[in-house]
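Trainee: The following comprises the amino acid sequence and a computationally predicted model.
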Amino acid sequence: TDNSTDVASLGWNTAVMPIKVGSAAGVATSDEVAGLQYAVQHGVKIANLSIGSECYDATEANEVASAQASGVLIVAAAGNQAQNGDRASYPAALPGVLSVGATGRDGTVASYSNFGSYVDMVAPGGSADGNSADDLLLLSNSGGLMTAAGTSFSTPLVSAAAALLLAVNPAYTPDNLRSLLMDTATPLYGGRNAWTGVGLLDAARAVQVATLRSRFNPLTPARILDTRVGTGDAGGPFNTGETRAETIDGLGGVPSTGVSAVAMNVTVTQPSANGFVTIYPDGGTRPNASNLNFTAGETIPNLVVAPVGADGKVDVYNLVGSTHVIFDVVGWYGSTGDSFNPLTPARILDTRNGIGDSGGAFGTGETRAETIDGSGGVPASGVAAVVMNVTVTQPTVNGFLTLYPTGASRPNASNLNFTAGETIPNLVVVPVGPDGKVDVYNLVGSTHVIFDVVGWYPSGS
C-alpha cells in the first residue's frame, strides 16, 4: 500500500467526515437524522450509512429524501439477515438509495447478505465462515487491526468509489454517480438478480468510464436559448416555480448523441423579483442548489456546467417572479475531447496598466486580439481552449463583452454583461485561434478588461 499502515484507501485524496450516530446497543432514528442533517449542513456529497433495520421509519425516510434533494448520494448497507428470508432493510430500501450487498472471498454472494429487489450491487464484504483469512482487514476501535465481515464493510467500498468519480468530475450529480457505478459493475449469475443486483463493484472501470465521459470539447460561443425572442423556446419568460426542459443536444455545435455535460454561459435578464435559477439534467431530481442568483431588474451571467439528461435536455427551474433566460453554449463533455490542465491563477491582461495590452480601455464596438498562448503558464502551442476569470471594471455604460477565437466570425453571444460603473467577473471558457489569441469585442461605451487565466485544454488529446 506504500503507506506503512497496512490499510489501503480506495478514495484517493478524499476528505472523510466520521459522524457517530449509535452505539453497541443500536442506532436511534433521532441520532441518524441528526447525523445526516449535520453532514448535509457541512457540505458532504456522499453519505455512507452502514446501518439498517427491517422496520420502515417515516422520519428516517423524510430525512434521507431531504439529503438527496440537497445533492447527497446516500449509500447504505443491504443488511446481514439473509437467514430471515426476503426482507427489506432500511434505509437501503428507500427510493434513490444505493443499496449494497456483499460477496465473500470466493467472489460469490456472501451467505449472510440480504437479498431482494432493493439490492442494487455488491462489493467485497468477507465470508463470515469462521476463517478470519476470508474476512476484511480493518482498523480496530481499540487500535491496531482486526478482521470482520458484513455489508457494513462492503458499503464503504462503494462510497469510496463514488468519491473517486467525483474527483474525476465534480459536476456529477448523485444520479450520475449511482448510474455510473451500477452501469460499470461486473454482472454475476447472468445479470441483475435479487442477490447481487447489477453485479460486483468495478471501481477501476467506473473511473475509466468517468474519465472518458469527462473530456471537454470547446465551441465558438453559440446562442441556443433566448426566451425574449423565442430562440430554442417559444414559451416566453419563466414564471414563479416554473420548470422547463430545454434541448441541448444537436444545437450550437453540440452533437446529437454522446454528450454527458454541457458548458454554457447562462444569462438572466429582466427579472421581476430577487431570485435564482437551477439547472439540472432532465429526468433527475431538482437539487437544493442554484446556478445563478439575481436581483430584480438585473442582467447577470454565469458560466454553468450541467449534466445533460438521457433525452439530451436540461431542466431549468425559476424560483420566483418572471425572468428571461439566455443560453450561450461554449462546449460539451463526452467520450472524446481534451483534458483540463489547471494553473495557479495568473493575470495576463489588464488594460488599466498595460499588462498584455497597452491599448488602454476598450471603446464602443471595438474588437482586439489578445494573446493567450505562452502567457501565465499556458503553453506556447498546442492549446485548444483557455479558462479565464474575465473582469470588467470602470464601464461608462451598460453593455457586454464577447470573447471568441481569432479567425472566427463574432457570434451572437455574450460572456459578461455589466452596468455602468460596475466591476464584475465571470468565468469564461473560450477556444483559442490558430495564432494563439482570442478576440474581445465590447458592445458600447468605454471599459477596462482583466484576464486571470486558471487553466487550459490541449488540442488533439
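Mentor: Noted; the coordinates are in hand.

Trainee: counting contacts, what elements does the lowest-mean-pLDDT helix or strand in the chain pack onto?
Mentor: The least trusted helix or strand in the chain, going by mean pLDDT, DSSP states H and E, turns out to be helix 203-213, with a mean of 78. Applying 3 or more C-beta pairs under 8 Å, 6 or more residues apart in numbering; DSSP states H and E, one finds that helix 203-213 makes contact with helix 151-168, helix 174-183. (Each C-beta comes from the backbone N, C-alpha and C, glycine too.)

Trainee: mind putting those in a markdown table, mean neighbour count and distance to T108 included?
Mentor: Shown next, in a markdown table, are the helices and strands packed on helix 203-213 (neighbours: other C-beta atoms under 10 Å; distance: least, C-beta to C-beta, whole Å):
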| stretch | mean neighbour count | distance to T108 |
| --- | --- | --- |
| helix 151-168 | 23 | 13 |
| helix 174-183 | 21 | 19 |
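
Trainee: Would you reformat those as CSV and include mean pLDDT?
Mentor: What follows is the helices and strands packed on helix 203-213, written out as CSV (pLDDT from 0 to 100):
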stretch, mean pLDDT
helix 151-168, 92
helix 174-183, 90
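
Trainee: right, and the helix or strand after the least confident helix or strand of the chain?
Mentor: Scanning forward in sequence from helix 203-213 by DSSP states H and E, the next helix or strand is strand 215-226.

Trainee: How far off centre is stretch 196-215?
Mentor: The chain centre lies 16 Å from the centre of stretch 196-215; the measure is C-alpha atoms, centre = their mean, to the nearest Å.

Trainee: Start and end of that stretch, how far apart?
Mentor: In stretch 196-215, first residue to last residue: 32 Å (C-alpha to C-alpha, to the nearest Å).

Trainee: circling back to that earlier point, which one of the helices and strands packed on helix 203-213 lies nearest to E370?
Mentor: Evaluated over those, closeness to E370 peaks at helix 151-168, with 31.7 Å, by C-beta to C-beta.

Trainee: Can you name every helix or strand that the closest one contacts?
Mentor: Counting by 3+ C-beta pairs under 8 Å, 6+ apart, helix 151-168 packs on strand 46-49, strand 73-77, strand 98-103, strand 121-124, helix 174-183, helix 203-213.

Trainee: V330: which of these is closest?
Mentor: helix 203-213 (18.4 Å).

Trainee: For that closest one, output the C-alpha coordinates as CSV.
Mentor: C-alpha atoms of helix 203-213 as CSV (Å, rounded to 0.1, in the frame of the first residue of the first chain):
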residue,chain,number,x,y,z
ALA,A,203,-14.0,0.8,-9.3
ALA,A,204,-11.3,0.9,-12.0
ARG,A,205,-13.8,0.6,-14.8
ALA,A,206,-16.0,3.2,-13.3
VAL,A,207,-13.2,5.7,-13.1
GLN,A,208,-12.0,4.9,-16.6
VAL,A,209,-15.5,5.5,-18.0
ALA,A,210,-15.9,8.7,-15.9
THR,A,211,-12.6,9.9,-17.4
LEU,A,212,-13.7,9.2,-20.9
ARG,A,213,-17.1,10.9,-20.3
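
Trainee: quick one: it to helix 151-168, angle?
Mentor: If you take axes from the mean of the first three to the mean of the last three C-alpha atoms, to 10 degrees, helix 203-213 sits at 20 degrees to helix 151-168.

Trainee: Tell me the buried residues in helix 203-213?
Mentor: A203, A206, V207, V209, A210, R213 (16 or more other C-beta atoms under 10 Å).

Trainee: shaky segments in the stretch 151-300 of the chain?
Mentor: Residue ranges of the stretch 151-300 of the chain with pLDDT under 70: 212-213.

Trainee: OK, contacts around Y112?
Mentor: If a contact means C-beta atoms under 8 Å, 6 or more residues apart in numbering, then Y112 has N80, Q81, A82, Q83, A102, A128, A149, G150, T151 as its contacts.

Trainee: quick one: the nearest residue to the last one once chain neighbours are set aside from T211, how far?
Mentor: What it means is T151. The shortest distance from T151 to any non-neighbouring residue, by C-beta to C-beta, 6 or more residues apart in numbering, is to A77 (3.9 Å). Distance, A77 to T211, by C-beta to C-beta, to the nearest Å: 28 Å.

Trainee: sorry, back to before: the helices and strands packed on helix 203-213: which one's closest to V40?
Mentor: Comparing the helices and strands packed on helix 203-213 by C-beta to C-beta, helix 174-183 comes nearest, at 12.2 Å.

Trainee: The residue nearest to T151 is in contact with L157, isn't it?
Mentor: No: if you go by C-beta atoms under 8 Å, A77 and L157 don't touch, sitting 11.2 Å apart.

Trainee: before we move on, the earlier item: how about the helices and strands packed on helix 203-213 in TSV, adding distance to G376?
Mentor: Below are the helices and strands packed on helix 203-213 laid out as TSV (distance: least, C-beta to C-beta, whole Å):
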stretch	distance to G376
helix 151-168	25
helix 174-183	32
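
Trainee: just the contacts of Y112 now: which is nearest L94?
Mentor: T151 (15.5 Å).
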